[in-house]
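Chemist: Pasting the sequence and the predicted coordinates here, then a few questions.
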Amino acid sequence: SSGMAAAAYAGVPLTHRHRSQSVIFLTGHEARGSHPPDWSRYAKAADTLVIYMGIERISDICQGLIMGGLAAETPCLAVQWATIMQKQVQAPLQQFSTAIQAAELGSPAILIIGSVVELA
């Protein structure tokens with residue numbers, strides 16, 4: 001999976017005995033005609049979130065996760081073009097959207113959210 005590859009190449013273990021016992025892989029946007037993801041639902045669903053195709057909706061994702069109770073200080077990492085021309089942006093959840101936009105990160109990118117990001 002590209003989510004696991006991006007994390008591994010960036011040096012982020014998706015699970016870790018002291019930080020993350022669970023990981024969920026999600027898509028960052030819905031198919032045409034379906035409902036948008038309920039990000040508040042995923043805020044506490046796992047210790048680590050790996051989100052595919054989330055760049056266009058990064059503001060909604062961050063806001064939904066914070067509204068769902070995920071700490072605004074949660075470490076986050078965006079990895080664009082993993083292993084090829086890799087570009088990374090790391091920031092706390094409350095600043096993640098702004099940091100991604102400032103770095104002009106685009107698709108394809110993987111978003112990794114959780115304390116394991118600090119181990120990169």
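Modeler: Thanks, I have the structure now. Remember, it's a predicted structure, so these values are computed and weren't measured experimentally.
Chemist: Setting aside sequence neighbours, what's the nearest residue to D47?
Modeler: Among residues not flanking D47 along the chain, S20 sits closest, at 3.6 Å (Cβ to Cβ, 6 or more residues apart in numbering). Using the backbone N, CA and C atoms, a C-beta is placed for each residue, glycine as well.
Chemist: Look up how far S97 lies from that neighbour.
Modeler: According to Cβ to Cβ, to the nearest Å, S20 and S97 sit 22 Å apart.
Chemist: How about A31?
Modeler: Counting by Cβ to Cβ, the separation of A31 from S97 is 23 Å.
Chemist: quick one, which of these two is more surrounded?
Modeler: Taking neighbours as other Cβ atoms under 10 Å, A31 and S97 compare with S97 leading, 20 against 7.
Chemist: State the pLDDT value of the more buried one.
Modeler: Per-residue confidence (pLDDT) for S97: 98.
Chemist: How much space separates it from A6?
Modeler: S97 is 19 Å from A6, where distance means Cβ to Cβ.
Chemist: residues making contact with stretch 92-107?
Modeler: Residues outside stretch 92-107 that contact it (Cβ atoms under 8 Å, 6 or more residues apart in numbering) are 53, 55-56, 58-59, 61-62, 65-66, 70-76, 78, 80, 87, 89-91, 111, 113.
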